[in-house]
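In: quick check, what structure comes out for this input:
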Amino acid sequence: MNYISTMVSLHPYFKPHTGKMETVLELMPMFVARTQPEVGNLFYEFTVNENEVFCREGYVGAVGVLAHLANVHDLLEELLQSATLHRLEIHGPAAELEKLTEAFSGMSPIYYTSVCSVKR
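Out: Alright, predicted model coming up:
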């Protein structure tokens, strides 16, 4: 059987503006603290590679993603004053991705549609 999970994962890549890496690093714990109590969040972490910041995050469907966006909206606005979102991937089943197109319309995301997955 070809099982498709309802999980949606976001993969935003940020490039801090010149001299702003420290500001971006200071915001990361605030995002984590704000995300911690979200019931629709499955995982959330930041990683850094030289002058690029990546946030690996997964949610229970589009509902979890939309709740997260509402929860961190002000922090994201603050982050975007110090960094550029240069790539955004959204991975998940087609039915869940369709629910997100309006919310992400201004961010030019690249959508990856789930084909099959493991059920545990």
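
In: quick one, helices of this protein?
Out: 21-35, 61-79, 94-98 (DSSP state H).

In: which one of those lies nearest to Arg120?
Out: Closest to Arg120 of those is helix 61-79 (C-beta to C-beta; 16.9 Å). C-betas here are computed from N, CA, C, even on glycine.

In: which secondary structure elements does that closest one contact?
Out: If contacts are counted by 3 or more C-beta pairs under 8 Å, 6 or more residues apart in numbering; DSSP states H and E, helix 61-79 sits against strand 7-16, helix 21-35, strand 41-49, strand 52-60, strand 83-92, helix 94-98.

In: how does it look with 6 Å?
Out: helix 21-35 (3 or more C-beta pairs under 6 Å, 6 or more residues apart in numbering; DSSP states H and E).

In: could you tell me how many residues sit around Ser5?
Out: 17 (other C-beta atoms under 10 Å).

In: any chance of the helices of the chain in JSON lines, plus distance to Cys55?
Out: Output for the helices of the chain, formatted as JSON lines (distance: least, C-beta to C-beta, whole Å):
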{"stretch": "helix 21-35", "distance to Cys55": "7"}
{"stretch": "helix 61-79", "distance to Cys55": "10"}
{"stretch": "helix 94-98", "distance to Cys55": "18"}
